[in-house]
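**Q** Sequence first, then the predicted structure:
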Amino acid sequence: MNLLESKAVLLNKDKIRSRFIYHGMKRLFDIVAATCGIVILSPLMIIIAVLIKAEDHGPIFYKQVRVGRNGKTFKMYKFRSMFVNADQMLEELKEKNDVNGPMFKMKKDLRITKVGHFIREHSLDELPQFINVIKGDMSLVGPRPPLPSEVEQYTDYDKQRLYVIPGCTGLWQATSRNEVGFDGMVKLDLEYIQRANMFYDFLIICKTIFVIFKPNSSY
């Protein structure tokens, strides 16, 4: 039975951990690809940094604590796409959440800057996560790293997303994205974990590159 058809299916954590060859190849690919990505895309990243700074003179980068494999927390890096005081406004906006479950998304989030709208639409705000990949906090492909406050609301089924290293992109980001709610995202993540291999990772990366030029329902 496909994971998308039943929420009762549980993954074998020991079997996932024992895939040493795949994890080793994936880690090597992550380091090489992330390093090349930083070098090749550095002109674009400089342009984005200048635009962010010019718009409101605030910080270029945004750091946020996220939860990685086995519940380990780390600081995730992104290009700042919101106004400086955006985090302080979150509590009063929670009732306007457009996604069900422990995840916050707004289609028309007034906290997002003009530059932020563009880099979010094309997923360019995620480029600094190459640093997280090199550090080993993240992989190029994997489940979206959640906030600690989101994980506090997870069921045991949802926590299976934390069996692997989170990714800059993944099956959810490259396909349905915000067309599905939290439960749909979890099912896609678990389907990825169940099917993961180097070819599947490469396929998701190719889909993500396509999304950069022809955005899906990102917001």
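**A** Thanks, I have the structure now. Predicted, not measured: the structure shown is a model, and the values here were computed from it.
**Q** Show me which positions of stretch 73-82 end up buried.
**A** Residues Phe74, Met76, Tyr77, Lys78, Phe79, Arg80, Ser81, Met82 are the ones in stretch 73-82 that count as buried (16 or more other Cβ atoms under 10 Å). Heads up, the C-betas are built off the backbone N, CA and C, glycines and all.
**Q** Quick check: mean pLDDT of stretch 29-45?
**A** Per-residue pLDDT over stretch 29-45 has a mean of 97.
**Q** What are the buried residues along it?
**A** Under 16+ other Cβ under 10 Å, the buried positions of stretch 29-45 are Phe29, Asp30, Ala33, Ala34, Gly37, Ile38, Met45.
**Q** Assign the fifth one to helix, strand or coil.
**A** Remark: Gly37 carries the secondary structure label helix [criterion: DSSP: H, G, I helix; E, B strand; the rest coil].
**Q** in the chain, what secondary structure element scores lowest on mean pLDDT?
**A** None of the helices or strands of the chain scores lower by mean pLDDT, DSSP states H and E than helix 86-93, at a mean of 70.
**Q** ok, the residue sitting nearest the centre point of the chain - contacts?
**A** Taking Cα atoms, centre = their mean, the centroid of the chain lies closest to Arg144, which sits 3.6 Å from it. Contacts for Arg144 (Cβ atoms under 8 Å, 6 or more residues apart in numbering) come out as Pro166, Gly167, Gly170, Trp172, Gln173, Met185, Asp189.
**Q** For the protein, give me the ranges with low pLDDT.
**A** Within the chain, the segments meeting pLDDT under 70 span 1-9, 90-100, 105, 178, 216-219.
**Q** Kindly recompute the last result at 80.
**A** 1-9, 85-108, 176-180, 214-219 (pLDDT under 80).
**Q** Would you state the helices of it in chain order?
**A** 13-17, 20-56, 86-93, 114-121, 129-135, 148-151, 171-174, 182-195, 198-213 (DSSP state H).
**Q** next one: the longest one to chain centre, how far?
**A** Averaging C-alpha coordinates over helix 20-56 and over its chain gives two centres that are 14 Å apart (Cα atoms, centre = their mean, to the nearest Å).
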